[in-house]
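Novice: 3D, please:
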Amino acid sequence: GFAGMLGWTAAMPFDVPKTNVQASWDSRVVGSYFPELIRIAKERGPLALYTGLIPTIARAFPANAALFLGVEMGKKFFDKWVWP
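Specialist: You can find the predicted model right below:
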């Protein structure tokens, strides 16, 4: 839960320019990531690199909690039935 939230907080400034480049139809993909990162920071300020952080964090907690639950349940299943 919280580890996923922290991970997205650290990754978000790098994810926003990537998303912008992927969503743009009129830019070339190769070599346009760092110019996009710089453009966002200059035009809208450094906090713009955290656009969408709140919904992402809200999604991260239950998604990562479910992931860990699945891993633990899978481990118990394999320990009991596959590799006793």
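Novice: going forward, measure contacts and count neighbours with C-alpha atoms only.
Specialist: Fine.
Novice: now the helices: where do they sit in this protein?
Specialist: Using DSSP state H, the helices of the chain run over residues 2-23, 33-44, 53-77.
Novice: Looking at those, which is nearest to Pro84?
Specialist: Nearest to Pro84 among the helices of the chain is helix 53-77; the distance by C-alpha to C-alpha comes to 9.7 Å.
Novice: any idea of the pLDDT on Ala3?
Specialist: pLDDT recorded at Ala3 is 84.
Novice: Count the residues that sit near it.
Specialist: Neighbour count of Ala3, defined by other C-alpha atoms under 10 Å: 12.
Novice: so where is this structure shaky, pLDDT-wise?
Specialist: 27-30 (pLDDT under 70).
Novice: how about 90 then?
Specialist: 1-5, 21-33, 61, 64-65, 83-84 (pLDDT under 90).
Novice: follow-up on the earlier one: need the helices of the chain in TSV with distance to Pro84, can you?
Specialist: As requested, the helices of the chain are exported to TSV (distance: least, C-alpha to C-alpha, whole Å):
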stretch	distance to Pro84
helix 2-23	31
helix 33-44	49
helix 53-77	10
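Novice: Looking at those, which is nearest to Trp83?
Specialist: Closest approach to Trp83 among the helices of the chain (C-alpha to C-alpha): helix 53-77, 9.0 Å.
Novice: report the angle between the axes of the closest one and helix 2-23?
Specialist: 120 degrees (axes from the mean of the first three to the mean of the last three C-alpha atoms, to 10 degrees).
Novice: Tell me which other helices or strands helix 53-77 touches.
Specialist: helix 2-23 (3 or more C-alpha pairs under 8 Å, 6 or more residues apart in numbering; DSSP states H and E).
Novice: what's the angle from the helix it packs on to helix 33-44?
Specialist: For helix 2-23 against helix 33-44, the angle by the same axes, to 10 degrees is 100 degrees.
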